[in-house]
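Student: Below is the structure, and that's it, no one-letter string:
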């Protein structure tokens, strides 16, 4: 997992879903920020690994997948999750060491990438600009709550989830957002009634707006290119 290149300004770190690659995500997400030179984008690709629930098929994945669909009570391989979290923390730390303010760093992701994004933010010892989860879940048990640092609880969360999602069930997102609020965190949850397990223009437009507001960047009249489902 290569670290993002460093420069002045903010950073959006996007973590893709299993089977996908960083370049596939770049093609879908980057156009929404093409008119925002202040924000750099990073799309790392997960390592390949055999996944048991897929008959040991070798795919890109941040950690193991116990089975599908993912529900609010799905038990994960927390050792694998924490190993992936360490890699994300390394990328964040390198960016901060290069001079980027933590409050200008956003960790975001889709599906398994969204799960890794929220786990990484919850266990990071500092407040960052924000975390955005698309069709994801929290891949850790409730017992980890006591390990969430006070500064991490100040990081704002945006969670977007389709109510027709058959891979990561709607309950897996909605219930966990409520859990974050119990921790004292700010979690904005947006539900999309007809949306399945995919990423669509309506979500990405709102995502762009949410990020730019937190960076204090004027949105102007630029219109982003529509996204195709994934």
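Tutor: It's in. Note that this is a predicted model, so its numbers are computed, not measured. Numbers count the residues shown, from 1 in each chain.
Student: Show me which residues of the lengthiest helix in the chain are buried.
Tutor: Ranked by number of residues, the top helix in the chain under DSSP state H is helix 78-97. Of all the residues in helix 78-97, those buried under the rule 16 or more other C-beta atoms under 10 Å are 78, 80-82, 84-85, 87-89, 91-92, 95-96. No exception for glycine: its C-beta is placed from N, CA and C like everyone else's.
Student: What of stretch 170-183?
Tutor: Neighbour counts using 16+ other C-beta under 10 Å place 170-174, 176-177, 180 of stretch 170-183 among the buried residues.
Student: Let me know the closest of those to residue 41.
Tutor: Closest approach to residue 41 among these (C-beta to C-beta): residue 173, at 23.9 Å.
Student: before we move on, back to that, dump the buried residues of helix 78-97 to JSON lines, plus distance to residue 163 and pLDDT.
Tutor: Shown next, in JSON lines, are the buried residues of helix 78-97 (distance: C-beta to C-beta, whole Å; pLDDT from 0 to 100):
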{"residue": "78", "distance to residue 163": "28", "pLDDT": "93"}
{"residue": "80", "distance to residue 163": "29", "pLDDT": "95"}
{"residue": "81", "distance to residue 163": "26", "pLDDT": "97"}
{"residue": "82", "distance to residue 163": "30", "pLDDT": "97"}
{"residue": "84", "distance to residue 163": "28", "pLDDT": "98"}
{"residue": "85", "distance to residue 163": "28", "pLDDT": "98"}
{"residue": "87", "distance to residue 163": "32", "pLDDT": "98"}
{"residue": "88", "distance to residue 163": "28", "pLDDT": "98"}
{"residue": "89", "distance to residue 163": "32", "pLDDT": "98"}
{"residue": "91", "distance to residue 163": "32", "pLDDT": "98"}
{"residue": "92", "distance to residue 163": "32", "pLDDT": "98"}
{"residue": "95", "distance to residue 163": "35", "pLDDT": "96"}
{"residue": "96", "distance to residue 163": "37", "pLDDT": "97"}
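Student: Checking my notes, residue 144 in a helix, right?
Tutor: Yes: according to DSSP: H, G, I helix; E, B strand; the rest coil, residue 144 belongs to a helix.
Student: Hmm, residue 63 is touching residue 87, no?
Tutor: No: contact criterion C-beta atoms under 8 Å: residue 63 and residue 87 do not qualify, at 10.4 Å.
Student: quick one: which of the buried residues of stretch 170-183 sit in helices?
Tutor: Assigned to helices by DSSP H, the following of the buried residues of stretch 170-183 qualify: 170-174, 176-177, 180.
Student: From the residues you listed, pick the one nearest residue 143.
Tutor: Using C-beta to C-beta, residue 176 is the member of those that sits closest to residue 143, with 14.1 Å.
Student: How many residues are close by the nearest residue to the closest one once chain neighbours are set aside?
Tutor: Once flanking residues are discounted, residue 176 sits nearest to residue 138: 4.4 Å by C-beta to C-beta, 6 or more residues apart in numbering. Number of residues near residue 138 (other C-beta atoms under 10 Å) recorded here: 23.
Student: tell me the pLDDT at residue 138?
Tutor: Listed pLDDT for residue 138 reads 96.
Student: and it, how far is that from residue 157?
Tutor: Per C-beta to C-beta, to the nearest Å, residue 138 is found 10 Å from residue 157.
Student: joint contacts of the two?
Tutor: Each of 118, 180 lies in contact with both residue 138 and residue 157 under the rule C-beta atoms under 8 Å, 6 or more residues apart in numbering.
Student: ok, so of the buried residues of helix 78-97, who is nearest residue 202?
Tutor: Closest approach to residue 202 among the buried residues of helix 78-97 (C-beta to C-beta): residue 88, at 27.1 Å.
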